[in-house]
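>>> Need the 3D shape of this:
(chains A, B, C and D)
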2 protein chains.
Amino acid sequence: MLSSRLEDYLETIYLLSKREDTVGVTEVARERGVAVPTVRSAIVKLQEAGMVRQQHYGKIILTPKGKETGASIYGVHKILYHFLAEILLIDPKRAETEACRLEHDLSRGTLNRLTAFLKTINNCVDSELGCLSKYRDLVLK
Amino acid sequence: MLSSRLEDYLETIYLLSKREDTVGVTEVARERGVAVPTVRSAIVKLQEAGMVRQQHYGKIILTPKGKETGASIYGVHKILYHFLAEILLIDPKRAETEACRLEHDLSRGTLNRLTAFLKTINNCVDSELGCLSKYRDLVLK
DNA sequence: CGAATAAGTAAGAGTGACCTTACATTACAA
DNA sequence: TTGTAATGTAAGGTCACTCTTACTTATTCG
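I've put the predicted structure just below:
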């Protein structure tokens, strides 16, 4: 089982490797606002967990398992972000950082419920007569 | 600024002192499922933060500041619990533990939004034609 | 090519949260 | 009132996560 931090690092690597073909320790460190050696030891642990591979002085590569896990973690993130930013109408930047923190504390089951809930809610938002219009008016002043 | 753990201990002390007039280290430890000396060092830090007082071999007493902070933390907890248990319809026990974990990662602003949102949602739930009936049917099978 | 710069690694220390084991104090009851 | 059980404290160890400082390997460009 990965710790929250390791999940964070894995997610970051996952996202970085979607937009660039090689991912280095320094890049991850910059992204997460942390010193390079900190990432380093995280990589060692992720390697032990079979999530990434890395040769000496080489780039970080996700294993299939790592890719899958990263995608799943990011999936949770997206759902939370959607709830915070599009339903609660929280400032995107803040929503982003809070989703990051919350994503580790939500069980699978709760997440499924939240997903179903959001599906329903979205219908409410779409229909002009939806019960959420009041909330939106309130928040948007 | 208190760490998540210190917040947890403070909240526990707050709740315990609402139902019993004296709170001891052992009681807190039992409540949180942790060894007594662990609570001990937490108490030292809460004391430094001006949240509790305790004489040598004496009982733990909340300062006014501690009482206020504890109440506030518990308030967050209650809102989250309400959302999880009564809106998402998650099993009470699970809702309880997840609220505990989530409560430290929610900003004040987000919490306010959530509160407003829940108010609106409750109206939806009350009216039989509310947009949430679909969700409830789904979840309750 | 080879020196300068960038990137990665090693070593070691600090902090917070937890534990166990051993010791001190208090409470209570025989 | 004194000895035992309950409670509280001290000491010291582990683990995860972070840092800095110093060293090694790659890359690049003059």
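>>> so what pLDDT did residue A:76 get?
On pLDDT, residue A:76 comes in at 96.
>>> Pretty sure it sits against residue A:100.
No - using CB atoms under 8 Å, residue A:76 is not in contact with residue A:100, being 10.4 Å away. (C-beta placed from N, C-alpha, C; glycine too.)
>>> Does DNA strand D have contacts with stretch A:104-115?
No - using CB under 7 Å from any atom of the strand, we find that stretch A:104-115 stays clear of DNA strand D, coming within 10.0 Å at best.
>>> And stretch A:36-56, by the same measure?
Yes - residues of stretch A:36-56 contacting DNA strand D under CB under 7 Å from any atom of the strand: A:36, A:37, A:38, A:41, A:42, A:45, A:56.
>>> so how far is residue B:1 from residue A:66?
34 Å (CB to CB, to the nearest Å).
>>> ignore the last one, residue A:20
From residue A:20 to residue B:1 the distance is 36 Å (CB to CB).
>>> Settle it for me: which of these two has more neighbours?
Higher neighbour count among residue A:20 and residue B:1: residue A:20, with 11 against 5, using other CB atoms under 10 Å in any protein chain shown.
>>> measure the more buried one to residue A:28 for me?
11 Å.
>>> How confident was the prediction at the closest residue to DNA strand C within chain A?
For chain A and DNA strand C, the shortest gap (CB to the nearest atom of the strand) falls at residue A:24, measuring 2.4 Å. The per-residue pLDDT reported for residue A:24 equals 97.
>>> show me what contacts it?
Residues in contact with residue A:24, defined by CB atoms under 8 Å, 6 or more residues apart in numbering or on different chains, are A:59, A:60.
>>> For residue A:63, see how far away it is.
17 Å.
>>> Likewise for residue A:34?
23 Å.
>>> do residue A:36 as well
Distance from residue A:36 to residue A:63, by CB to CB: 22 Å.
>>> any idea how chain A splits into domains?
A:4-68, A:74-140 (automatic domain parsing).
>>> Pick out the shakiest of these, pLDDT-wise.
domain A:74-140 has the lowest average pLDDT among the domains of chain A, namely a mean of 88.
>>> Compute the first-to-last residue distance for that one.
For domain A:74-140, the first-to-last residue distance is 29 Å (CA to CA, to the nearest Å).
>>> just stretch A:9-29 next, same as before
Using CA to CA, the two ends of stretch A:9-29 sit 9 Å apart.
>>> Centre of the chain to it, how far?
13 Å (CA atoms, centre = their mean, to the nearest Å).
>>> Okay, buried residues for it please.
A:9-17, A:23-25, A:27-29 (16 or more other CB atoms under 10 Å in any protein chain shown).
>>> How about stretch A:80-99?
For stretch A:80-99, by 16+ other CB under 10 Å, it's A:80-85, A:87-90, A:95, A:98-99.
>>> Switch these over to JSON lines, and while doing so, append distance to residue B:136 to every line.
Listed next are the buried residues of stretch A:80-99 as JSON lines, based on distance: CB to CB, whole Å:
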{"residue": "A:80", "distance to residue B:136": "22"}
{"residue": "A:81", "distance to residue B:136": "25"}
{"residue": "A:82", "distance to residue B:136": "21"}
{"residue": "A:83", "distance to residue B:136": "18"}
{"residue": "A:84", "distance to residue B:136": "23"}
{"residue": "A:85", "distance to residue B:136": "25"}
{"residue": "A:87", "distance to residue B:136": "18"}
{"residue": "A:88", "distance to residue B:136": "21"}
{"residue": "A:89", "distance to residue B:136": "24"}
{"residue": "A:90", "distance to residue B:136": "26"}
{"residue": "A:95", "distance to residue B:136": "27"}
{"residue": "A:98", "distance to residue B:136": "27"}
{"residue": "A:99", "distance to residue B:136": "26"}
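>>> Narrow the residues you listed to those in strands?
The members of the buried residues of stretch A:80-99 all map outside strands under DSSP state E.
>>> just checking: which of the residues you listed also lie near DNA strand C?
Applying CB under 7 Å from any atom of the strand to the buried residues of stretch A:80-99, none is adjacent to DNA strand C.
>>> As TSV, the residues you listed with distance to chain B would be great.
Compiled in TSV, those are given as follows (distance: CB to the nearest CB, whole Å):
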residue	distance to chain B
A:80	10
A:81	12
A:82	14
A:83	10
A:84	7
A:85	11
A:87	7
A:88	4
A:89	7
A:90	6
A:95	8
A:98	6
A:99	10
